[in-house]
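Visitor: Show me how the following folds:
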Amino acid sequence: MENLVYISDIYREPEAYTEGEIRVGGWQRTLRDQKSFAFLDLRDGTDFRGLQIILTPEALENYKELAHAGNGAALICTGSLKLTPEGKQPFELHASKVEIEGKSPADYPLQPKRHSPEFLRTIPHLRPRSNLFQAVFRLRSVLAFTLHEFFQKRGFVYAQTPIISFSDGEGAGEMFTVTNFDLNHPAKTDKGEVDFSEDFFARKAQLTVTGQMEGEAMAQAFRNIYTFGPTFRAENSNTVRHAAEFWMLEPELAFADLDDVIACAEDMLKYTIKHALEACPVEFEFFNNFVEKGLIERLEKLVNAEFVRMTYTEAIAELKKAETEFSYLPEWGDDLQSEHERYICEKVIDGPVFVTDYPKDIKAFYMKQNEDGKTVAATDLLVPYVGEIIGGSQREESEEKLRARIRELGMKESEYEWYLALRRYGSTRHGGFGLGFERLLMYLTGVKNIRDVQIFPRTKGFCI
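Guide: Just a heads-up that it's a prediction; the model follows:
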């Protein structure tokens with residue numbers, strides 16, 4: 001609506017709004033009736049903080065009606081802004097007119113008390129109005145912009161890779177099938193199997209688990225690119241770290257080796273966290289006070305930290321001599337568990353660490369094989385309190401070695417011919433990494449469950 005002032009603009013420059021009357025629109029958080037006047041806490045979503053509005057029966061014909069509009073009601077308030085530097089609020093609006101856009105009944109779930117994340121997950125359509133999710137989702141917006149800004153400033157091309165895919169680029173094997181068949185009567189082969197040659201794409205199609213492979217094709221034309229979008233896993237998992245739909249950021253760099261990939265990942269993470277702390281001070285104050293004590297100090301420490309490097313073999317050696325009793329015994333050739341990752345970065349390093357050169361048998365087929373024949377040029381960035389937050393590698397640029405690896409793993413060679421062909425036509429050294437966007441949000445907010453950094457989470461058994 002025209003002429004509505006944003007509450008965020010008032011906080012930015014309150015003196016600019018003290019002449020004459022202004023209009024603000026928002027939702028009633030609370031209304032405290034003091035009989036001769038009332039305090040209205042109005043939130044419009046443009047700022048984490050609200051605007052206190054003073055209501056009086058002398059100024060408002062519908063004063064009694066407003067008392068029954070209900071928490072959650074949508075209101076448009078007109079009045080004069082008064083600065084109150086001596087009070088708890090820096091300013092307040094003295095209303096001369098309040099219009100009710102939409103009432104809210106007494107059973108409105110978000111009453112003025114503290115609600116648990118578990119309860120708020122039952123009302124995902126309303127929880128963006130709560131304090132926790134006001135802070136989380138505003139930070140989510142800022143982080144997304146900041147990641148784009150980081151790569152755009154450095155000349156990276158933003159590549160929008162397909163959502164529908166025909167190959168499992170990660171080797172996860174747990175993908176959602178995309179089909180146009182009548183599920184009650186799908187086309188069948190003579191052997192009674194589903195005949196995907198009769199389906200929409202004439203072959204079996206799935207929702208993507210990564211945009212990396214298409215990103216590699218783009219990097220071989222534009223040098224440095226990044227993808228940023230939704231990816232999917234059909235994992236039968238109910239952990240606090242896994243979701244069926246989540247966002248991934250995946251840069252790809254041509255004429256680059258593992259050292260270049262590591263340098264880019266470190267620069268990006270430090271830039272992103274530093275900018276977020278500067279852009280969302282009020283939100284981080286809330287996280288620090290109500291979600292995780294010491295959060296801001298932890299993040300500032302990471303921004304100023306020296307990122308250490310350690311090989312997987314060195315990490316296993318450190319774990320083997322640790323006095324800590326692990327649930328999973330560390331053995332060379334096994335993937336590092338979360339408890340191992342945290343021990344390395346919290347007890348051994350006391351800071352972020354890039355673990356490199358993992359055994360090839362526990363990593364994806366496309367990673368560059370090292371000269372020892374046992375390891376690949378891969379890296380995981382481990383950070384305190386979380387463990388792995390970024391995973392990346394140099395990609396295998398040799399068509400011969402890549403084809404041999406595909407055969408060795410029993411993969412369908414025909415499905416990767418276009419990917420192999422990239423190595424034939426002017427292939428370069430190249431590499432990249434993946435950052436789980438929600439994992440980054442969890443790390444920055446102190447929120448422990450991935451469901452609480454997604455607007456409408458999609459997890460096993462849950463899709464509203």
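
Visitor: Report the buried residues of the helix or strand hosting Ala404.
Guide: Using DSSP states H and E, Ala404 maps to helix 399-408. Residues of helix 399-408 classed as buried under the neighbour-count rule (16 or more other Cβ atoms under 10 Å) are 399, 402-403, 405-406. C-beta coordinates here come from the backbone N, C-alpha and C atoms, glycine included.

Visitor: can you list contacts of the helix or strand harbouring Glu339?
Guide: Glu339 is part of helix 338-343 when elements are defined by DSSP H and E. Helix 338-343 is contacted by residues 315, 318-319, 322, 324, 326-328, 330, 355, 380, 382, 384-388 when judged by Cβ atoms under 8 Å, 6 or more residues apart in numbering.

Visitor: Among these, name the buried ones.
Guide: Neighbour counting by 16+ other Cβ under 10 Å classes 315, 318-319, 330, 355, 380, 382, 384, 386-388 among the contacts of helix 338-343 as buried.

Visitor: Just to be sure, which of those are found in helices?
Guide: Counted as lying in helices by DSSP state H, out of the buried ones among the contacts of helix 338-343, are 315, 318-319.

Visitor: how about those residues in TSV, adding pLDDT?
Guide: Shown next, in TSV, are those (pLDDT from 0 to 100):
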residue	pLDDT
Ala315	97
Glu318	97
Leu319	97
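
Visitor: closest to Glu92 among those?
Guide: Ranked by distance to Glu92 (Cβ to Cβ), these are led by Ala315 at 56.8 Å.

Visitor: For the chain, which segments count as helices?
Guide: Under DSSP H, the chain gives helices at 7-12, 63-66, 117-120, 131-153, 212-222, 258-279, 281-290, 295-303, 312-320, 338-343, 399-408, 417-421, 437-445.

Visitor: deepest of these, which one?
Guide: Neighbour counts (mean count of other Cβ atoms under 10 Å) averaged over each of the helices of the chain peak at helix 437-445, with a mean of 23.

Visitor: From the contact counts, what lies against that helix?
Guide: Where contact means 3 or more Cβ pairs under 8 Å, 6 or more residues apart in numbering; DSSP states H and E, helix 437-445 is packed against helix 131-153, strand 245-254, helix 258-279, strand 387-394.

Visitor: Figure out which of the ones you listed is closest to Ser80.
Guide: Ser80 lies closest to helix 131-153 among the helices and strands packed on helix 437-445, at 26.7 Å (Cβ to Cβ).

Visitor: That closest one versus helix 281-290: what angle between them?
Guide: Interaxial angle of helix 131-153 relative to helix 281-290 (axes from the mean of the first three to the mean of the last three Cα atoms, to 10 degrees): 130 degrees.

Visitor: Only the C-alpha atoms, please, for helix 131-153, written as PDB.
Guide: Taking C-alpha atoms only, helix 131-153 is exported to PDB below (Å, rounded to 0.1, in the frame of the first residue of the first chain):
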ATOM      1  CA  ASN A 131      11.100 -14.300  17.300                       C
ATOM      2  CA  LEU A 132      13.300 -17.300  16.500                       C
ATOM      3  CA  PHE A 133      12.200 -17.600  12.900                       C
ATOM      4  CA  GLN A 134      12.100 -13.900  12.300                       C
ATOM      5  CA  ALA A 135      15.800 -14.000  13.100                       C
ATOM      6  CA  VAL A 136      16.600 -17.200  11.300                       C
ATOM      7  CA  PHE A 137      14.800 -16.400   8.000                       C
ATOM      8  CA  ARG A 138      16.100 -12.900   7.900                       C
ATOM      9  CA  LEU A 139      19.600 -14.200   8.300                       C
ATOM     10  CA  ARG A 140      18.900 -16.800   5.600                       C
ATOM     11  CA  SER A 141      18.000 -14.000   3.200                       C
ATOM     12  CA  VAL A 142      21.200 -12.000   4.100                       C
ATOM     13  CA  LEU A 143      23.400 -15.100   3.700                       C
ATOM     14  CA  ALA A 144      22.000 -16.000   0.300                       C
ATOM     15  CA  PHE A 145      22.700 -12.500  -0.900                       C
ATOM     16  CA  THR A 146      26.200 -12.500   0.600                       C
ATOM     17  CA  LEU A 147      27.200 -15.700  -1.100                       C
ATOM     18  CA  HIS A 148      26.000 -14.300  -4.500                       C
ATOM     19  CA  GLU A 149      27.900 -11.100  -3.700                       C
ATOM     20  CA  PHE A 150      31.100 -13.000  -2.900                       C
ATOM     21  CA  PHE A 151      31.300 -14.800  -6.100                       C
ATOM     22  CA  GLN A 152      29.900 -12.000  -8.300                       C
ATOM     23  CA  LYS A 153      32.600  -9.700  -7.100                       C
END
